[in-house]
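Chemist: would you be able to build a 3D model of this:
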Amino acid sequence: TMRKEQHNMKNRLRLLVVGDKTRFIHLKQFIRELEKIGIESKLIYDIEFIDKFFQMNIKKKIEKNRNFKKILQEFEPDVVLLDRISNIGKKVIKENIPLLILLRGNYWEESSWAKKTIYKSRIDKLAIAKNEKLFDLCLRKSSLILPISKYLENEVKKRYPEKNIKLFPADGRDPEEWFPITVQKLKHPCVGLLQGLNIWGKSKELLTLKNVLKELPQVTFYLAGDGIYRNEIIPQLENFENFVWLKNLKYPEEVKEFFSEIDIFLLLSGLEGLGQTIIEALLMKKPTIASNTGGVPELIADNKTGVLVETGDDQMVVEKIHKLINESDFANQIAETGYEFVKKEFSWEEIAKKFKDIIKTDLVERNIE
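Modeler: Reported below is the predicted structural model:
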């Protein structure tokens with residue numbers, strides 16, 4: 001067609017990004033930077049084009065299919081990037097368009113935890129089996145898998161050794177947007193935690209706080225975040241007077257306020273793909289303590305950009321909080337080094353450049369461009 005020829009003359013790569021609404025705020029910034037460096041991009045919300053599991057409404061299904069086809073015809077993407085795996089992957093594979101998968105978490109671990117904890121009924125089990133099949137299909141048929149950390153890169157290489165896999169730490173932020181705001185809502189000294197409570201293997205690590213709360217009665221701990229495991233965790237922590245649960249904070253405004261006021265940021269997690277909240281805490285120049293798990297050590301170089309603690313080791317957490325409260329020079333220094341590191345490595349500009357390099361080397365070999 002004429003458009004294809006014009007497209008080839010312009011020689012601009014067209015990228016369709018498919019993601020989850022909650023990540024649009026970041027994906028839009030990513031796309032803005034990609035546009036600046038010559039990658040034409042379009043962002044769509046996956047749920048608008050796929051039927052939910054067990055959806056019986058055939059008319060809706062057909063309409064969603066038609067709408068997706070229409071987008072493909074009008075935009076003519078050279079490549080599709082999935083920010084999370086969904087049935088869209090299947091449709092892209094069918095259309096024979098190169099598929100890029102952004103791998104944000106250890107899906108295999110998360111799936112096995114879910115089976116042990118929440119998914120008990122027959123329908124749940126069917127849904128999980130269907131999901132695992134879809135996940136495997138998308139990875140097998142993808143042109144390129146992009147894990148966001150070296151830790152995830154190793155996990156995916158173990159399972160799909162023959163695949164094309166490139167490390168791509170995709171969690172950018174605009175450093176200009178993360179600056180302190182004056183608020184006075186919290187009691188000091190205080191430690192802030194910000195994390196979801198939806199994956200048991202991650203969230204259960206918060207229970208190590210019980211001893212920490214007991215041993216540091218003069219420090220107030222604020223936890224922001226919510227999720228399906230709240231009842232397994234929050235009541236146990238609320239037994240302590242120095243623990244305050246803030247539920248979910250509005251993103252990004254209230255999150256920035258929270259980061260502005262806390263003295264120390266603490267991430268206690270059983271597993272992290274990389275750790276977006278760490279990136280934000282460091283941009284806000286907060287001395288950070290985090291569990292030595294998953295991709296976390298790729299952000300926190302111990303005693304340089306932050307402080308690492310071993311999972312399950314409450315004594316170590318107590319020690320490190322003591323140290324950061326009592327040695328303000330050390331606390332300021334790691335906060336400063338952490339800030340410089342994320343500002344350089346995780347600006348959207350830097351991430352867009354990395355993405356373009358990956359795509360150039362990888363897709364040129366396939367003659368897409």
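Chemist: contacts and neighbour counts: CA atoms only from here.
Modeler: Noted.
Chemist: other residues contacting the helix or strand Trp113 falls within?
Modeler: Secondary-structure assignment from DSSP states H and E places Trp113 in helix 107-117. Outside helix 107-117, the residues that touch it by CA atoms under 8 Å, 6 or more residues apart in numbering are Lys125, Ile128, Ile199, Trp200, Gly201.
Chemist: repeat that for stretch 318-336.
Modeler: 189, 212, 215-216, 264, 282, 285-289, 303-307.
Chemist: average model confidence for that stretch?
Modeler: Summarised as a single mean, pLDDT over stretch 318-336 is 98.
Chemist: pull out the buried residues from it.
Modeler: Buried positions in stretch 318-336, judged by neighbour count with 16 or more other CA atoms under 10 Å: Val318, Lys320, Ile321, Leu324, Ile325, Phe330, Ala331, Gln333, Ile334, Ala335, Glu336.
Chemist: and the gap between the closest residue to Ser291 other than its chain neighbours and Leu207?
Modeler: Once its chain neighbours are removed from consideration, Ser291 has its nearest residue in Val309; the separation is 5.0 Å (CA to CA, 6 or more residues apart in numbering). If you measure Val309 against Leu207 using CA to CA, to the nearest Å, the figure is 15 Å.
Chemist: ditto for Leu16
Modeler: Using CA to CA, one obtains 41 Å as the distance from Leu16 to Leu207.
Chemist: the two: who's more crowded?
Modeler: Between Leu16 and Leu207, counted using other CA atoms under 10 Å, the more crowded position is Leu16 (22 against 18).
Chemist: does that one sit in a helix, a strand or a coil?
Modeler: strand (DSSP: H, G, I helix; E, B strand; the rest coil).
Chemist: that one reaches Ile39, doesn't it?
Modeler: No. Counting by CA atoms under 8 Å, Leu16 sits too far from Ile39 to count as a contact (10.2 Å).
Chemist: ok, back up a step: looking at the contacts of stretch 318-336, which are in strands?
Modeler: Among the contacts of stretch 318-336, the members found in strands (DSSP state E) are Ile264, Thr288, Ile289, Val307.
Chemist: now do the contacts for the third one.
Modeler: Contacts of Ile289 were listed using CA under 8 Å, 6+ apart, and they are Ile264, Phe265, Leu266, Leu267, Gly306, Val307, Leu308, Val309, Val317, Lys320.
Chemist: go again with 10 Å.
Modeler: The contact partners of Ile289, by CA atoms under 10 Å, 6 or more residues apart in numbering, come to 191, 193, 264-268, 278, 300, 302-303, 305-309, 317, 320-321, 324.
Chemist: could you list the low-confidence segments of this structure?
Modeler: 1-10, 52-56, 363-369 (pLDDT under 70).
Chemist: kindly recompute the last result at 80.
Modeler: 1-11, 51-57, 117-120, 362-369 (pLDDT under 80).
Chemist: ranges for the strands of it?
Modeler: Shown for the chain, the strands assigned by DSSP E span residues 13-19, 39-45, 79-82, 99-103, 144-147, 190-194, 220-224, 243-247, 264-267, 288-291, 307-309.
Chemist: a markdown table for those, including distance to Phe68?
Modeler: Supplementary listing: the strands of the chain in a markdown table, determined by distance: least, CA to CA, whole Å:
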| stretch | distance to Phe68 |
| --- | --- |
| strand 13-19 | 11 |
| strand 39-45 | 10 |
| strand 79-82 | 12 |
| strand 99-103 | 15 |
| strand 144-147 | 22 |
| strand 190-194 | 36 |
| strand 220-224 | 37 |
| strand 243-247 | 36 |
| strand 264-267 | 39 |
| strand 288-291 | 41 |
| strand 307-309 | 45 |
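Chemist: Ile234 is nearest to which of the ones you listed?
Modeler: Of all the strands of the chain, it is strand 243-247 that lies closest to Ile234, at 7.5 Å by CA to CA.
Chemist: what strands flank the closest one, and is each parallel or antiparallel?
Modeler: strand 220-224 (parallel) (DSSP bridges).
Chemist: quick one: buried residues of the strand it pairs with?
Modeler: For strand 220-224, a neighbour-count test (16+ other CA under 10 Å) marks Thr220, Phe221, Tyr222, Leu223, Ala224 as buried.
Chemist: of those residues, just say which sits nearest to Ile58.
Modeler: Checking those against Ile58 with CA to CA, the nearest one is Ala224 at 40.7 Å.
Chemist: ok, what's across the strand from that closest one?
Modeler: With DSSP bridges applied, Ala224 shows beta-bridge pairing to Leu194, Lys247.
Chemist: so who does it touch?
Modeler: For Ala224, the residues meeting the contact criterion (CA under 10 Å, 6+ apart) are 192-197, 244-249, 255, 258.
Chemist: could you redo the last one with a cut-off of 6 Å?
Modeler: Listed by CA atoms under 6 Å, 6 or more residues apart in numbering, the contact set of Ala224 reads Leu194, Leu246, Lys247, Asn248.
Chemist: what's the distance between it and Lys343?
Modeler: The gap separating Ala224 from Lys343 is 24 Å, by CA to CA.
Chemist: if anything else comes up later, I'll come back, but that's it for now.
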